[in-house]
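Peer 1: Sharing a model that was predicted from the sequence below.
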Amino acid sequence: MTGASGKLGLIAGGGELPHAIARRCEAEGRPLYIVRLDGFADVHLERWPGATFGMAEIGGILKALKQQGCVAVCLAGTVSRPDFKRLKPDLKGASVLPGIIAAATKGDDALLRKILSVFEAEGYGVEGADDILGGETLPDGALGRVAPTPAQMLDLKKALHIAEKAGELDIGQGAVVCDGLVLAVEAQEGTDAMLARVAGLPADLRGSGADRKGALGKAPKPIQDLRVDMPVIGARTVEMAAAAGLAGIAGIEGRLILIDRQSIIDAANRLGLFVWGEPRP
């Protein structure tokens, strides 16, 4: 085992990350129970044992985790901040919801820490996705065959700097820079939507398939708990960066989760993009 042993309760939102975690547990023979968050979790997660719960059904989730014998939890996948007025909490949910709402007013990181504390108070260990996946994070330097040029290096460093500064303000984890110009900063829409937005910008502001320019930078928020919200990329991220005319993607070494490392390398090599790991300060 690369991560901790014992049955894992996976609190699953949307995206590829919950699938990667479930596949890794399956491959390692680790018992798994998936709490599929209603409206967010992918229907294909139903191939593994689990059940669907509303976000405010905290009591039901905790009861299921206990009945299933889970000893640890992992929160993974994309979840949009809900309209708290529309939630339908159970008894336990009603008791903790005021604290969660109060934390939400202080930002996403405070909200995540509050949610984690609910599970920790019940005696569950909290595991990071990167630990479960065996440390499949971005290494230092070029991941595939393509390395950034000196001009592209300037863009990727600025993109990472902007992403870090945005993270300090609890805005998001990503930014796109082209020829020194900030084209986009990720907020609540997520990386895919941000890249689609860049792809829709005028051609003279960004690169193209014939003349790739600029970089996507992804960095964790300095104040965030990396067990829950470490940045993630997959082959789809590479494909969308290519569609936006970008020259590549950059992250901080050891601080960007790779979903299927080989598929990322294959996509980057095929499309001619760099995937670069900047050394940690």
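Peer 2: Yep, that arrived. Predicted, not measured: the structure shown is a model, and the values here were computed from it.

Peer 1: Is V146 in contact with R270, as I believe?
Peer 2: No - when contacts are counted by CB atoms under 8 Å, V146 is not listed as touching R270 (10.4 Å). All C-beta spots, glycine's among them, are computed from the backbone N, C-alpha and C.

Peer 1: more crowded one of the two?
Peer 2: Each of V146 and R270 has its neighbours counted (other CB atoms under 10 Å); V146 has more, 19 against 13.

Peer 1: Now do the contacts for that one.
Peer 2: By CB atoms under 8 Å, 6 or more residues apart in numbering, V146 lies in contact with G248, A268, N269, G272, L273, F274, V275.

Peer 1: let's see 7 Å
Peer 2: Applying CB atoms under 7 Å, 6 or more residues apart in numbering to V146 gives the contacts G248, A268, N269, G272, L273, F274.

Peer 1: What is the burial count for the last one?
Peer 2: Right, the one you point to is F274. Neighbours of F274 under the rule other CB under 10 Å: 24.

Peer 1: And the residue lying closest to it once chain neighbours are set aside, its phi and psi?
Peer 2: In this structure, F274 finds its nearest non-sequential neighbour in G248, 3.4 Å apart by CB to CB, 6 or more residues apart in numbering. Backbone torsions of G248, given as degrees, to the nearest 10, read phi 170, psi -170.

Peer 1: so what's G248 bridging to?
Peer 2: In this structure, G248 bridges to A215, F274 when assessed by DSSP bridges.

Peer 1: wouldn't it be in contact with W276 here?
Peer 2: Yes - with contact defined as CB atoms under 7 Å, G248 and W276 form a contacting pair (6.2 Å).

Peer 1: So which of those two has more stuff around it?
Peer 2: Each of G248 and W276 has its neighbours counted (other CB under 10 Å); G248 has more, 32 against 28.

Peer 1: pLDDT value on the more buried one, please?
Peer 2: We have a pLDDT of 98 for G248.

Peer 1: what sits against D38?
Peer 2: Going by CB under 7 Å, 6+ apart, D38 touches T52, F53, G54.

Peer 1: and of these, the nearest to G15?
Peer 2: Closest approach to G15 among the contacts of D38 (CB to CB): T52, at 16.6 Å.
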